[in-house]
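Novice: Pasting the sequence and the predicted model now:
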Amino acid sequence: MILKVALGEKSYDIVIEKNSLTKAGNLIKPFLKGDKIVIITDENVDKYYGDLVLNSFLKEGLVVEKLVIKPGESSKSIDQAMEIYKFLLDKGVGRKDLLVALGGGVVGDLVGYCAATYLRGIDFYQIPTSLLAQIDSSVGGKVAIDLPYGKNLVGAFYQPKGVLIDEMTLTTLEEKYFIDGMAEAIKYGAIFSEEFFSYLETEAFTLLDVRFGKSMEKVIYQCCNFKRIVVEEDQFENGRRALLNFGHTIGHGIEKVEGFVGHSHGEAVGIGMCLIAKIGEYLGVTDTGTYERLRKLVEQTGLPVEFPVNIKVEVVDAMGYDKKAQGKGIKLIMLSGIGKSFILEEKKENLMNLVNRGIELL
Ligand SMILES: NC(=O)c1ccc[n+]([C@@H]2O[C@H](COP(=O)([O-])OP(=O)(O)OC[C@H]3O[C@@H](n4cnc5c(N)ncnc54)[C@H](O)[C@@H]3O)[C@@H](O)[C@H]2O)c1
């Protein structure tokens, strides 16, 4: 399956095909304007897929370099970016050469950031290997690294030349990362499509299912398609793209207060989505029963739903400082029902009251 992201001269294809990693070289070769490909991946992904992808380029007679970095969020750093720049300079990588990001969201964001900045920008291609990267982070061109002051604080909107998604890579993912990715799939259903939400309810995907061959193609295709539509409409997040932050304002608050070592991103988003649905029902802007359906699917997926009440005040405070908060109001993404979303601007001073009411009613 191929999805075209139509962004004028920055348009690109998302190729979704099982067992396609072996032909990565063949698919990506046409995007190389220079003479070198540099694959950047992390140790975990390299173990399973590094040689497979490297060999597919060698088979095409291409000059390939590979850099393997440490896995984890701590690699989305200036120090790591510096090491990549140094590697590229040492290998004589020029403006016409191509970087390939092979890995999860960390590798994709980091390599995209380096591609956007090295020599004022060189081409890059995404081969996402985690569920989150396959359905979310590899599409849309947001690239970034973290600073000691917060996540994703330095970055760019920089589109890849293409995205190649092979769902076979999901079989080696740790379960917690699979569940984290599913939180984003639930989010897409909740904000854009009741039909897709029902599909997730019915299919009740588990990593075990996937390891036994159950196809994730429809999930990947649908999510990429939702993201494609939003990105085409609002590439630079001035409007509708903000809907993708459903559950994330509260989620980010939780992650931040816990110093990013408590709830995972997906868990925090799951909690955020449920609480927002409850707050919406309390305000009378969300259909009654929406929370119940959302909570069931979040729980069924293996995500927690309980809000960490002991850090409630700090979370609300952190929401007020979210980098997406503009002016005096906080933009909350609300559901009018499953599959229908809108942006509600709420005064910061009302947030505590809303969160309190939401928690009481959970
Ligand atoms: N750019 C965007 O639009 C966007 C959107 C959402 C999230 N993000 C970013 O994505 C990052 C999180 O991404 P993530 O959840 O993929 O984390 P990740 O890249 O850290 O991957 C999770 C773990 O799984 C491992 N892994 C990845 N693929 C594997 C595979 N196929 N087999 C075995 N192990 C594998 C990784 O080594 C890592 O240990 C965060 O930094 C977040 O800010 C970016």
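Specialist: Nice, I can see it. Just so we're clear, the structure is a prediction, and the values are computed from it rather than from any experiment.
Novice: Quick one: name the residues of the stretch 51-200 of the chain near the ligand.
Specialist: Counting by Cβ under 6 Å from any ligand atom, the stretch 51-200 of the chain comes close to the ligand at 71-73, 76, 103-107, 109, 129-130, 132-133, 136-137, 140, 142, 151-152, 169, 172-173, 177, 180. All C-beta spots, glycine's among them, are computed from the backbone N, C-alpha and C.
Novice: Weed out the non-buried ones from those residues.
Specialist: 71, 76, 103-107, 109, 129-130, 132-133, 136-137, 140, 142, 151-152, 169, 173, 177, 180 (16 or more other Cβ atoms under 10 Å).
Novice: So which of the residues you listed belong to strands?
Specialist: Mapping these onto strands (DSSP state E) picks out 103, 142, 151-152.
Novice: okay, now L294: neighbour count?
Specialist: Residues contacting L294 under the criterion other Cβ atoms under 10 Å number 26.
Novice: tell me the contacts of it?
Specialist: 186, 190, 273-274, 277, 335, 338 (Cβ atoms under 8 Å, 6 or more residues apart in numbering).
Novice: What does the pLDDT read for the most far-flung residue of the chain relative to its centre?
Specialist: Using Cα atoms, centre = their mean, the residue of the chain lying farthest from its centre is G61. It sits 32.8 Å away. Here, the pLDDT recorded for G61 equals 94.
Novice: Is it part of a helix or strand, or is it coil?
Specialist: Three-state call for G61 (DSSP: H, G, I helix; E, B strand; the rest coil): coil.
Novice: Give the full set of residues in contact with it.
Specialist: No contacts exist for G61 under Cβ under 8 Å, 6+ apart.
Novice: can you pull out the strands in this protein?
Specialist: Using DSSP E, strands in the chain cover 2-5, 12-16, 36-42, 63-69, 98-103, 123-128, 142-147, 150-157, 162-165, 329-337, 340-347.
Novice: relative to strand 340-347, how tilted is the longest one?
Specialist: Angle of strand 329-337 versus strand 340-347, following axes from the mean of the first three to the mean of the last three Cα atoms, to 10 degrees, is 150 degrees.
Novice: Any buried residues in strand 329-337, and which?
Specialist: Here strand 329-337 shows 330-335, 337 as buried, counting by 16+ other Cβ under 10 Å.
Novice: residue contacts, E306?
Specialist: By Cβ under 8 Å, 6+ apart, the contact set of E306 is 271, 362.
Novice: Which pLDDT value goes with the residue of the stretch 201-350 of the chain found nearest the ligand?
Specialist: Going by Cβ to the nearest ligand atom, the ligand is nearest to H265 of the stretch 201-350 of the chain, at 6.5 Å. Confidence at H265, expressed as pLDDT, is 93.
Novice: That one: how many residues sit nearby?
Specialist: 22.
Novice: cool, and I311?
Specialist: Look at I311: counted by other Cβ under 10 Å, it has 16 neighbours.
Novice: Pretty sure it sits against V257.
Specialist: Yes - counting by Cβ atoms under 8 Å, I311 does reach V257; the two are 4.9 Å apart.
Novice: quick one, what contacts the nearest residue to L170 once chain neighbours are set aside?
Specialist: Among residues not flanking L170 along the chain, V210 sits closest, at 5.3 Å (Cβ to Cβ, 6 or more residues apart in numbering). Contacts for V210 (Cβ under 8 Å, 6+ apart) come out as 167, 170-171, 178, 216.
Novice: what's the farthest-apart pair in these?
Specialist: E167 and F178 (11.5 Å; Cβ to Cβ).
Novice: Pick out whichever of those two has more residues nearby.
Specialist: Between E167 and F178, F178 has the larger neighbour count (other Cβ under 10 Å), namely 24 against 21.
Novice: re the thing from before, in helices, which of the buried ones among the residues of the stretch 51-200 of the chain next to the ligand appear?
Specialist: Secondary structure assignment by DSSP state H places 105-107, 109, 132, 177, 180 of those in helices.
Novice: So which of those is the closest to the ligand?
Specialist: For these, the residue nearest the ligand by Cβ to the nearest ligand atom is G105; the value is 2.1 Å.
Novice: so how far is V313 from the closest one?
Specialist: Distance, G105 to V313, by Cβ to Cβ, to the nearest Å: 30 Å.
Novice: Break the protein into its domains for me.
Specialist: Annotated domains of the chain cover 2-170, 175-361 [automatic domain parsing].
Novice: Distance from the chain centre to the last one, please.
Specialist: Okay, so that is domain 175-361. Distance, stretch centre to chain centre, for domain 175-361: 13 Å (Cα atoms, centre = their mean, to the nearest Å).
Novice: What's the end-to-end length of that domain?
Specialist: Domain 175-361 has an end-to-end distance of 31 Å (criterion: Cα to Cα, to the nearest Å).
Novice: Please apply the same query to the shortest one.
Specialist: Separation of the first and last residues of domain 2-170 by Cα to Cα is 19 Å.
Novice: which residue is nearest the centroid of this protein?
Specialist: Centroid-nearest residue in the chain: S137, 3.2 Å away (criterion: Cα atoms, centre = their mean).
Novice: could you list every residue that touches that one?
Specialist: S137 neighbours (Cβ under 8 Å, 6+ apart): 104-105, 108-109, 128.
Novice: Good, wrapping up.
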